[in-house]
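Student: Generate coordinates for the sequence data below:
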Amino acid sequence: MLVRHLSYFVTLAREQHFARAAEACNVAQPTLSAAIRKLEEDLQVPLVVRGHRFLGLTPEGETVLAWGRQILSDHDSLVADLAGLRRGLTGTLRLGVVPTAMPAVSSLSAQFAEAHPKATVEVRSMTSRAIQRGLDSFELDGGLTYLDSDPLENVRRIPLYRERYAFVAQCGHPLAGRTALSWAEAVDQRLCLLHEDMQNRRILNRIASSAGLTMTASVESDSFLGIFSHLMQGGWSSIVPLGFARLFGRPADLVLIDLIDPAASQLVGLVLSNRDPLSPMARALTLAAAKLRLEEEFADIEATA
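Tutor: As a prediction, the model looks like this:
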């Protein structure tokens with residue numbers, strides 16, 4: 001059984017079309033079909049439901065797909081590890097990051113890039129559920145997400161910092177002069193928040209619910225850029241992580257007010273596939289994360305909020 005045959009099969013499962021899979025593999029369609037038939041002969045099981053077109057995978061095919069992804073990932077990691085011994089780590093570090101952790105990812109990227117200048121970093125804004133899928137399918141090397149709220153499964157966890165929350169609005173807002181604000185007062189404002197399917201929003205909903213409150217939004221966005229746009233327009237306020245101040249540089253016409261009653265926080269950290277040995281990228285990522293002092297950085301933000 002050749003690694004190439006497994007690669008063709010995994011590509012076919014992704015593309016769900018023989019011609020597209022062959023094009024993605026840069027081979028003729030008969031070559032791809034012959035390789036997959038050879039894989040079926042070697043394993044002595046049918047992998048693909050065949051008809052006039054691709055109809056799906058057999059139950060055996062689904063099992064081989066899961067193993068195939070892992071085998072290909074391990075093969076790539078072996079090649080990268082050996083190459084790294086000769087000329088340093090190269091390739092691309094693939095990170096999935098929940099939107100609220102974007103203020104922290106640059107610190108992690110900087111530590112990684114300093115140690116591995118020949119490698120590149122690809123950062124994708126993703127939901128925690130998408131990060132789980134990316135780790136399971138070996139499409140991500142790691143993720144930044146919440147560790148104690150809807151925790152991911154079958155992952156290694158490295159805590160980085162605690163996410164705390166603030167009410168943010170323009171300086172002319174009636175509550176702008178306050179030093180602290182209760183959640184009851186905050187949820188009664190005209191809010192722009194993240195969508196309900198995003199984990200940060202679900203966390204805010206749970207915090208409000210724990211205080212007997214209901215969190216509602218007059219505008220919902222799938223990014224903090226959308227929230228920031230509405231804040232700058234002036235008709236809305238929001239509830240955001242204090243790291244938001246770092247991300248947008250504390251515009252002079254916005255105020256951040258500490259939220260109390262309850263005082264809430266969530267643990268954010270790095271997640272990696274729970275496997276041994278770690279891939280070279282994942283191993284390098286853990287070493288970079290160990291050098292971070294994000295709690296100290298975010299404490300400085302809180303002190304000036």
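
Student: secondary structure class for Ser238?
Tutor: Secondary structure, DSSP: H, G, I helix; E, B strand; the rest coil: Ser238 is strand.

Student: Which residues does it form beta bridges with?
Tutor: In this entry, Ser238 is beta-bridged to Val168, by DSSP bridges.

Student: What does the pLDDT read for it?
Tutor: For Ser238, the model assigns a pLDDT of 94.

Student: what does Thr179 give?
Tutor: Per-residue pLDDT puts Thr179 at 90.

Student: do the one 10 residues further on as well
Tutor: According to the predicted model, the pLDDT of Gln189 comes to 94.

Student: so when I look at it, I'm seeing a helix, right?
Tutor: No - Gln189 is assigned coil when assessed by three-state DSSP, not a helix.

Student: check contacts around it.
Tutor: The contact partners of Gln189, by Cβ atoms under 8 Å, 6 or more residues apart in numbering, come to 167, 169, 175, 237. To be clear about C-beta, it is placed using only N, CA and C from the backbone, and glycine gets the same treatment.

Student: May I see the PyMOL selection of the buried members of those?
Tutor: Typed into PyMOL, the line below selects the buried ones among the contacts of Gln189, using 16 or more other Cβ atoms under 10 Å:
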select buried, resi 167+169+237
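
Student: Can you tell me which of the contacts of Gln189 is nearest Arg283?
Tutor: Nearest to Arg283 among these: Phe167, at 40.5 Å, using Cβ to Cβ.

Student: Next up, the contacts around that closest one.
Tutor: 175, 181, 186, 189, 237-239, 256-257, 259.

Student: Could you pick out the buried ones from the residues you listed?
Tutor: Buried among the contacts of Phe167 (16+ other Cβ under 10 Å): 181, 186, 189, 237-239, 256-257, 259.

Student: mind giving me TSV with these and columns for distance to Leu6?
Tutor: Below are the buried ones among the contacts of Phe167 laid out as TSV (distance: Cβ to Cβ, whole Å):
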residue	distance to Leu6
Leu181	56
Ala186	53
Gln189	55
Ser237	53
Ser238	47
Ile239	47
Leu256	51
Ile257	55
Leu259	51
